[in-house]
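S.K.: Below is the sequence, then the predicted model.
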Amino acid sequence: MSKETYDDQNLFEAESGMQEQANLATRANFSGRLGFVLATAGSAVGLGNIWRFPYLAASYGGGAFVVVYIILAVTFGYTVMISETAIGRYTRKSVIGAYNSLTNSKFFRAGSWITALIPLLILPYYSVIGGWVCKYFVDYLIHPASHAAGDTYFNDFIGTAASSELWFLVFAVLTIIIILGGVQSGVERASKFMMPLLIIIAVILAIYAVTRPGAMEGVKYLFIPHLEDFSIMTVVAAMGQMFYSLSLAMGILFTYGSYMKKNVNIEKASYQVVAMDTSVALLAAIIIIPSVFAFYGGEPEVLSAGPSLMFITIPKVFASMGLGRLAGAAFFLLVLFAALTSSISLAETCISTFEDELHWNRRRASVVLFVIMIGLGTLSSLGYNVLGNVTVMGLAFLDFFDFLTNSVMMPIAALFCCMIIIKVTGFKLISDEIKLSSNFRTENVYRVVIKYLAPIFLVVILVSSVLNTLGIITM
Ligand code: PFF
């Protein structure tokens with residue numbers, strides 16, 4: 001390096017070091033790569049991995065779905081993940097502030113509001129389901145495995161307003177307590193504690209599940225791809241699941257990126273998150289599908305039963321097996337950890353938006369968030385009992401919020417993210433940010449994905465999932 005270049009380089013490093021220090025002095029941050037990886041993987045690994053991935057894999061042909069999913073996650077998912085993280089780290093803002101500091105266009109401002117609203121709409125109904133998980137975990141601790149396995153057990157539970165609301169409140173309070181602890185002592189510490197335990201429990205349960213008699217048929221179904229099972233819908237379903245599972249397009253990664261130090265390697269951290277998220281999804285499928293095969297002989301309608309798979313079918317499987325109570329308690333503890341680390345990431349994203357845009361302190365932001373959670377969550381929780389007759393577009397409240405966020409708002413938010421890179425920042429800003437801590441060998445692939453593949457896929461997901469919900473096509 002010539003002396004001049006060397007001096008320039010030193011000056012740049014000194015300046016960016018000073019700027020980094022100033023930023024870090026005012027903004028909360030993760031302690032290092034491990035903190036970021038475990039918190040982001042905690043966000044990604046959630047109900048989506050344990051409940052949604054296995055039933056989608058089962059409905060879309062097992063092996064064919066798994067292969068398509070993995071390819072999409074390491075290419076497409078990874079690309080969107082590094083983009084959001086890089087923009088967050090560059091601007092040191094949550095999504096609204098990030099877009100505002102990049103452009104003053106009203107169009108993009110609208111996009112940032114849509115993105116910021118997503119976690120606020122998801123968190124309440126996610127906490128209602130989190131409450132169901134708490135209830136089942138406690139059930140297995142104090143009752144025999146047969147208790148939760150009755151035919152009407154689940155529907156009786158959610159059909160009773162008081163019990164459903166009570167467990168929802170328990171989960172919401174747990175989330176807010178962690179959030180009040182702050183970024184390092186709350187979010188990061190909770191993720192560092194729960195994520196390793198979650199993985200250990202998942203591995204033990206997976207070994208137990210595949211060693212049950214008859215379970216091997218399920219493992220084969222899951223891992224051997226059959227070409228005849230492949231259709232364009234396999235890709236569409238895998239793509240939607242990938243967005244859901246990696247917590248993309250809902251502002252979370254902008255916020256977590258804004259807490260990331262400049263010396264943390266974005267590429268490596270993101271690959272680790274994708275690897276952890278995909279591994280837990282596969283472990284969950286290995287726990288659930290072979291168990292259901294062993295118990296029900298792999299009836300397709302049982303495997304693709306959707307939400308009821310986790311709360312109705314799986315308890316029956318536990319009740320029928322040796323050590324069922326222990327397996328049940330361990331399984332629901334695993335799901336509880338997964339749900340909590342995700343709910344705190346949704347909550348943290350809302351809090352950082354309140355802090356950045358409204359200049360509220362953390363305590364005030366947490367109180368307001370809690371009130372919104374209780375209000376909207378109560379609609380979802382009562383939607384299966386007292387408000388059972390009220391529907392929006394023919395859907396119960398919980399299903400409506402799920403549809404609105406996942407099928408409509410998230411593809412739109414992801415399109416905005418691609419557009420801001422193509423039209424406003426250009427690729428250079430993103431690649432410079434990534435190159436601060438790695439050499440970004442995949443830059444060319446990255447450009448092609450963001451410019452061409454992502455927009456096409458996103459429009460396909462948006463249109464097909466809306467048509468599917470309206471009953472115009474069946475997926
Ligand atoms: N990625 C998490 C999961 O798979 O459960 C968190 C999450 C994603 C929550 C999407 C809600 C959601 F709509």
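M.R.: Nice, I can see it. Numbers count the residues shown, from 1 in each chain.

S.K.: Am I right that L429 is in contact with S83?
M.R.: No: if you go by C-beta atoms under 8 Å, L429 and S83 don't touch, sitting 10.4 Å apart. Where you see a C-beta, it was placed from the backbone N, CA and C, and this is true even at glycine.

S.K.: Show me what the longest helix anywhere in the chain is packed against.
M.R.: Longest helix in the chain, counting residues (DSSP state H): helix 106-142. Identification of packing neighbours for helix 106-142 by 3 or more C-beta pairs under 8 Å, 6 or more residues apart in numbering; DSSP states H and E yields helix 47, helix 95-102, helix 153-158, helix 161-180, helix 324-358, helix 362-382, helix 397-402, helix 410-419.

S.K.: what residues does the stretch 51-200 of the chain put near the ligand?
M.R.: 122, 126 (C-beta under 6 Å from any ligand atom).

S.K.: closest point of the stretch 51-200 of the chain to the ligand, which residue?
M.R.: Nearest to the ligand, among the residues of the stretch 51-200 of the chain, is I122, at 4.5 Å (C-beta to the nearest ligand atom).

S.K.: wait, what's in contact with I422?
M.R.: Counting by C-beta atoms under 8 Å, 6 or more residues apart in numbering, I422 makes contact with 450-451.

S.K.: got a pLDDT number for it?
M.R.: Looking at I422, its pLDDT reads 90.

S.K.: what's the answer for T5, then?
M.R.: What the model reports for T5 is a pLDDT of 42.

S.K.: can you check L398 too?
M.R.: Confidence score, pLDDT, at L398: 89.

S.K.: I'd say it and V128 touch.
M.R.: Yes: between L398 and V128 there is a contact under C-beta under 8 Å: 6.2 Å.

S.K.: Show me which of those two is the more surrounded one.
M.R.: V128 (28 against 22; other C-beta atoms under 10 Å).

S.K.: do you know how far the more buried one is from V170?
M.R.: Distance, V128 to V170, by C-beta to C-beta, to the nearest Å: 11 Å.

S.K.: Low-confidence stretches in the stretch 301-450 of the chain?
M.R.: Along the stretch 301-450 of the chain, the model assigns pLDDT under 70 to residues 301, 303-307.

S.K.: could you redo the last one with a cut-off of 80?
M.R.: Residues of the stretch 301-450 of the chain that meet the criterion pLDDT under 80 lie in 301-308.

S.K.: same check, this time on the stretch 151-300 of the chain
M.R.: Within the stretch 151-300 of the chain, the stretches with pLDDT under 80 are 226-227, 229-230, 293-300.

S.K.: Would you map the strands across it?
M.R.: In the stretch 151-300 of the chain, no strands are defined using DSSP state E, counting those that start in this stretch.

S.K.: Might you report the residue contacts of the closest residue to K261 other than its chain neighbours?
M.R.: Spatially, and ignoring its direct neighbours in sequence, K261 is nearest to N29 (6.0 Å; C-beta to C-beta, 6 or more residues apart in numbering). Residues near N29 by C-beta under 8 Å, 6+ apart: 183-184, 259-261.

S.K.: Quick check: N29 vs the ligand, distance?
M.R.: 22 Å (C-beta to the nearest ligand atom, to the nearest Å).

S.K.: Give me the neighbour count for the closest residue to L395 other than its chain neighbours.
M.R.: In space, and not counting its chain neighbours, L395 is closest to F403: 6.2 Å by C-beta to C-beta, 6+ apart. By the measure other C-beta under 10 Å, the count of residues near F403 is 18.

S.K.: just G32 next, same as before
M.R.: 14.

S.K.: right, and it touches V264 too?
M.R.: Yes: here G32 lies in contact with V264, judged by C-beta under 8 Å, at a distance of 6.6 Å.

S.K.: Give me the neighbour count for I199.
M.R.: Neighbours of I199 under the rule other C-beta under 10 Å: 18.

S.K.: Contacts only, for the residue lying closest to G97 once chain neighbours are set aside.
M.R.: Excluding the flanking residues, the one nearest G97 by C-beta to C-beta, 6+ apart is D356, at 4.5 Å. Contacts for D356 (C-beta under 8 Å, 6+ apart) come out as 93-94, 96-97.

S.K.: Please apply the same query to F311.
M.R.: 132, 136, 154.

S.K.: hmm, back to that, just send the helices and strands packed on helix 106-142 back as JSON lines, with distance to P315 too.
M.R.: Output for the helices and strands packed on helix 106-142, formatted as JSON lines (distance: least, C-beta to C-beta, whole Å):
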{"stretch": "helix 47", "distance to P315": "16"}
{"stretch": "helix 95-102", "distance to P315": "39"}
{"stretch": "helix 153-158", "distance to P315": "7"}
{"stretch": "helix 161-180", "distance to P315": "16"}
{"stretch": "helix 324-358", "distance to P315": "7"}
{"stretch": "helix 362-382", "distance to P315": "20"}
{"stretch": "helix 397-402", "distance to P315": "20"}
{"stretch": "helix 410-419", "distance to P315": "31"}
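
S.K.: can you give me the end-to-end distance of stretch 67-79?
M.R.: 18 Å (C-alpha to C-alpha, to the nearest Å).

S.K.: Any buried residues in it, and which?
M.R.: Using 16 or more other C-beta atoms under 10 Å as the test for burial, stretch 67-79 gives 67-70, 72-73, 75-79.

S.K.: Also stretch 168-187?
M.R.: 168-172, 174-176, 178-179, 183-184, 186-187.

S.K.: Equivalent analysis for stretch 353-373, please.
M.R.: 353-357, 360, 362, 365-366, 369-370, 373.

S.K.: Kindly indicate which of those residues lies nearest V317.
M.R.: Closest approach to V317 among the buried residues of stretch 353-373 (C-beta to C-beta): M373, at 32.3 Å.

S.K.: residue contacts, that closest one?
M.R.: Per C-beta under 8 Å, 6+ apart, neighbours of M373: 123-124, 127, 172, 175-176, 347.

S.K.: Contacts only, for Y125.
M.R.: With contact set as C-beta under 8 Å, 6+ apart, Y125 has these partners: 376-377, 380, 397-398, 401-402.

S.K.: Now the longest helix of the chain: average pLDDT?
M.R.: 96.

S.K.: If I take it and helix 95-102, what angle do their directions form?
M.R.: Angle, helix 106-142 to helix 95-102, by axes from the mean of the first three to the mean of the last three C-alpha atoms, to 10 degrees: 160 degrees.

S.K.: Okay, angle between helix 106-142 and helix 410-419 too, please.
M.R.: 130 degrees.

S.K.: can you pull the buried residues of helix 106-142?
M.R.: In helix 106-142, counting by 16+ other C-beta under 10 Å, buried: 108, 111-112, 114-137, 139-140.

S.K.: Without its sequence neighbours, what residue ends up closest to T341?
M.R.: Using C-beta to C-beta, 6+ apart, the nearest residue to T341 is G42, at 3.0 Å.

S.K.: Please identify the helix or strand for the one you found.
M.R.: In this assignment (DSSP states H and E), G42 forms part of helix 33-44.

S.K.: tell me which strands and helices that helix is in contact with?
M.R.: helix 189-210, helix 252-258, helix 266-296, helix 324-358.

S.K.: For V392, what are phi and psi?
M.R.: Phi and psi for V392, reported as degrees, to the nearest 10, are phi -120, psi 120.
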